[in-house]
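In: Here is a sequence with its predicted model. Questions after.
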Amino acid sequence: MSNDAIVCLRDVTIAHAQHPVVEHVSFEISKGEFVYLLGKTGSGKTSLLRAIYADLPLLSGTGEVAGYALQNLRRQDQPFLRRKLGIVFQDFQLFHDRTVADNLLFVMKATGWRDRVHMKTRLNEVLMQVGLLSTINKMPHQLSGGEQQRVAIARALINDPYLLLADEPTGNLDPAVASDILDLFVRIHQGGTAILMATHNHSFLKRFPARVLLCENHTIRDIPREHIIRKINE
């Protein structure tokens, strides 16, 4: 693993229920890098993200994420790895019976925050970062879909992660809101956070060009972004 790599996979096979999903995968993601993860539904994008945050095992090969070896990661060490990562899902996964503040405070308490003053300061910081400080006392149902996803992004940023994993974060949003969410991810990236974003929205590559990993034929490989853009324009 190179000194500036946050993810390093070598000849990895990822399995779901002992059935290989992707095989012989090798790549690195550097600190502060922005990477799109493209592929059809069922091609293995979500399985790769789950393997990176140690929710799916490596059937073979070696992987290192944020200094943790995936192949020998003990269950009690999984929370420590995940504190170095932020995870954003397509369906937001907010607690609908809690306010925005309480959704974020739940994550803080679960990851070891104890000082109430520091917790309040960090809560305000991340909500300000996503442009939602005014929603701090609202319930999720009082927010639009785009606002709910911004809360989910704020939650993922709580522990100042090295890497933000986003699994189709704009899949439930209309195009204009999706574009705004991409702009937010770009600003987070420009602040130094690495991002791996699984998406079906190929137009993002035209709006913000970046490295592309393609899930296809049971493996994952780098592909020139110009190839994807050319296919969009055809």
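Out: Sure thing, it's come through.

In: any weak-confidence spans in the protein?
Out: Along the chain, the parts satisfying pLDDT under 70 run over 1-3, 231-234.

In: Phi first, then psi, for Phe80.
Out: Note on Phe80: its backbone torsions stand at phi -70, psi -40 [degrees, to the nearest 10].

In: number of nearby residues for the spatially closest residue to it that is not a sequence neighbour?
Out: Here the nearest residue to Phe80 in space, its sequence neighbours aside, is Tyr68; by Cβ to Cβ, 6 or more residues apart in numbering that works out to 7.4 Å. All C-beta spots, glycine's among them, are computed from the backbone N, C-alpha and C. Neighbourhood size, Tyr68 [other Cβ atoms under 10 Å]: 17.

In: in what helix or strand does the nearest residue to Ile158 once chain neighbours are set aside lie?
Out: In space, and not counting its chain neighbours, Ile158 is closest to Val107: 5.3 Å by Cβ to Cβ, 6+ apart. Val107 is located in helix 100-110, with elements delineated by DSSP states H and E.

In: before we move on, the earlier item: report how many residues lie close to the residue nearest to Ile158.
Out: The criterion is other Cβ under 10 Å. On that basis, Val107 has 16 neighbouring residues.

In: now swap in Val7 and tell me
Out: The local packing of Val7 (other Cβ under 10 Å) involves 25 other residues.

In: Helix, strand, or coil at it?
Out: Three states are possible here, and by DSSP: H, G, I helix; E, B strand; the rest coil the one that applies to Val7 is strand.

In: Excluding covalently adjacent residues, which one is nearest to it?
Out: Closest residue to Val7 in three dimensions, ignoring its sequence neighbours and counting by Cβ to Cβ, 6+ apart: Ile29, at 4.1 Å.

In: How many neighbouring residues does the one you found have?
Out: 22.

In: Output the contacting helices and strands for the helix or strand in which it is found.
Out: With secondary structure defined by DSSP H and E, Ile29 is part of strand 19-30. Using 3 or more Cβ pairs under 8 Å, 6 or more residues apart in numbering; DSSP states H and E as the contact criterion, the secondary-structure elements in contact with strand 19-30 are strand 5-16, helix 45-52, strand 58-65, strand 194-198, strand 219-222.

In: Just checking: what are the partner strands of it?
Out: According to DSSP bridges, strand 19-30 has the following sheet partners: strand 5-16 (antiparallel).

In: Now do the partner strand: distance to the chain's middle.
Out: Using Cα atoms, centre = their mean, to the nearest Å, we find the averaged C-alpha position of strand 5-16 to lie 16 Å away from the chain's own average C-alpha position.

In: which of the residues in that strand are buried?
Out: Taking 16 or more other Cβ atoms under 10 Å as the neighbour-count basis, strand 5-16 is seen to contain the buried residues 5-9, 12-16.

In: quick one: which of these is nearest to Arg211?
Out: Out of these, the one with the shortest distance to Arg211 is Val7. That distance is 12.3 Å, counting by Cβ to Cβ.

In: Go ahead and confirm the closest one touches Ser26.
Out: No. Under the criterion of Cβ atoms under 8 Å, Val7 makes no contact with Ser26, lying 11.2 Å away.

In: residue nearest the centroid of this structure?
Out: In the chain, the C-alpha closest to the average C-alpha coordinate belongs to Leu165, at a distance of 1.3 Å (Cα atoms, centre = their mean).
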